[in-house]
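Sequence below, structure please.
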Amino acid sequence: VLLIARGLLGFALGSFWAMMTALALRLVPPDKVPKAISIILMGISFATVFAAPLGAFLGDLWGWRMTFLAASGIGVAALAIQMLTLPRLPAAAAPGLASFRTALSRRAVVIGLVTGLLVISGHFAALTFIRPFLEEVPRLDVATVSLTLLAFGVCGFFGNLIGGVVAARSPAWAVASCSLLITIVALALVLFGTEVNIAFVATALWGFAFGAFPVSISVWNARAAADHAESAGALLSSTFQVAIAAGAVLGGLIIDGFGAKAVILYAAVATLAGAALMFARGRALEER
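Residues are numbered from 1 along each chain as shown. Next up, the predicted model:
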């Protein structure tokens, strides 16, 4: 039952990510799309920061069954709000394999997907094992690790805001810049991570950079295939899921074989490759 429920949850979350960009494109004028995507992702960032501590608190207070029921109640409330407020939004293009082929035939879409695969895999390879790194390299205690991860989440919220502003002017520049910032902070952790203050600041900046990345890459994807938003969004969502899984598995292999610093170094290499691709190819396409 637990495995089936987790599978259904993953299916629902993947569907949400796939439809996010299409929803933003239909609800607001084209010049407001970056801001709309930024607002949607701010909600996700806010939930990421506060949901886990709140769930732990309620689980201790009520037990896990009542906490799960409370989460179900929140889901029902969210569904009711959407049904009452959102207009009917028919698909712009008939969904199907032809729509996916059309989206994949566009060079800008492919560049965005490859960039996302590189950056997300590198990010999650390191993020999955950030706690062992913080405990082994700067030797932070549990309370300081929790504070550092809280700073990561809070800075991610502000990254959503800034990412939306920059992406409104140039999605390619926004994607490449936040990818490069992840590279820089990952290198800072590898080279100077034994210093507690540097480790804390670098992790916080990492949260800021990654907070900007989903907004930026979603805006890029939306502009690359606005007439096939559902298909392009599904492709980007699938790329994210594959990259998350691949990054976590690869990170586990790296940390087992070479240690905590090596997995952070892999994140630097992968995100640098993503930044270089978007700087070199994405910006050229955007200018044309």
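
give me every residue that touches residue 18.
With contacts defined as Cβ atoms under 8 Å, 6 or more residues apart in numbering, residue 18 is in contact with 230, 233, 234, 236, 237, 238. Where you see a C-beta, it was placed from the backbone N, CA and C, and this is true even at glycine.

Which ones among these lie within strands?
Counting by DSSP state E, no part of the contacts of residue 18 is found in strands.

List just the nearest of those residues to residue 35.
Nearest to residue 35 among those, counting by Cβ to Cβ, is residue 233 at 17.5 Å.

count of neighbours near the closest one?
25 (other Cβ atoms under 10 Å).

Now do the contacts for it.
Here residue 233 is in contact with 17, 18, 19, 20, 21, 22, 218, 221, 222 (criterion: Cβ under 8 Å, 6+ apart).

picking up where we left off before, which one (most neighbours) among the contacts of residue 18?
For the contacts of residue 18, neighbours were counted by other Cβ under 10 Å; the highest total belongs to residue 236, with 27 neighbours.

Helices of the stretch 1-150 of the chain, residue ranges please.
Remark: helices of the stretch 1-150 of the chain, listed N- to C-terminal, are 2-27, 33-62, 64-85, 97-104, 107-127, 130-136, 142-169; assignment by DSSP state H, counting those that start in this stretch.

Of all those, which one comes closest to residue 261?
With respect to residue 261, and counting by Cβ to Cβ, the nearest of those is helix 130-136 at 7.3 Å.

buried residues in the closest one?
Burial within helix 130-136, assessed by neighbour count using 16 or more other Cβ atoms under 10 Å, is assigned to 130, 131, 133, 134.

Can you say which of the helices of the stretch 1-150 of the chain is packed in most?
helix 107-127 (a mean of 24; mean count of other Cβ atoms under 10 Å).

Spatially nearest residue to residue 231 (excluding sequence neighbours)?
For residue 231, the nearest residue in space outside its immediate sequence neighbours is residue 99; the separation is 4.1 Å by Cβ to Cβ, 6 or more residues apart in numbering.

Quick check: the one you found touching residue 230?
Yes - the criterion here is Cβ atoms under 8 Å, and residue 99 meets it with residue 230 at 7.3 Å.

Pull the residues that contact the helix or strand hosting residue 286.
Take DSSP states H and E as the rule and residue 286 turns out to sit in helix 283-287. Residues outside helix 283-287 that contact it (Cβ under 8 Å, 6+ apart): 107, 108, 111, 170, 171, 172, 173, 176.

related to what we said a few turns ago, wait, which of the contacts of residue 18 is closest to residue 44?
Taking Cβ to Cβ as the measure, residue 44 lies nearest residue 237 of these, at 12.9 Å.

Distance of the closest one relative to residue 267?
Residue 237 sits 21 Å away from residue 267, going by Cβ to Cβ, to the nearest Å.

for residue 74, same thing?
The span separating residue 74 from residue 267 equals 33 Å under the rule Cβ to Cβ.

can you check residue 46 too?
Using Cβ to Cβ, which is the criterion applied here, residue 46 is 25 Å from residue 267.

Could you check the pLDDT of the residue nearest the centre of the chain?
Note on the chain: the residue nearest the mean C-alpha position is residue 214, at 4.7 Å, using Cα atoms, centre = their mean. In the prediction, the pLDDT value recorded for residue 214 is 88.

With residue 211 instead?
If you check residue 211, the pLDDT there is 89.

residues touching the nearest residue to it once chain neighbours are set aside, list them.
The shortest distance from residue 211 to any residue other than its chain neighbours is 2.5 Å, reached at residue 159 (Cβ to Cβ, 6+ apart). By Cβ under 8 Å, 6+ apart, the residues touching residue 159 are 45, 178, 207, 208, 209, 210, 211, 212, 213, 215.

Disregarding residues adjacent in the polypeptide, which is nearest to the third one?
By that I understand residue 207. In space, not counting the residues next to it along the chain, residue 207 is nearest to residue 152; the distance is 3.4 Å by Cβ to Cβ, 6+ apart.

which residues does that neighbour contact?
Neighbour list for residue 152: 203, 204, 206, 207 [criterion: Cβ under 8 Å, 6+ apart].

Burial check on the last one, number of neighbours?
Other residues near residue 207 number 28, with proximity taken as other Cβ under 10 Å.

is it true that residue 111 touches residue 276?
No - taking contacts as Cβ under 8 Å, residue 111 lies outside contact range of residue 276: 11.5 Å.

Starting from residue 48, give me the distance back to residue 220.
Counting by Cβ to Cβ, the gap from residue 220 to residue 48 is 22 Å.

Fine by me, we can end here.
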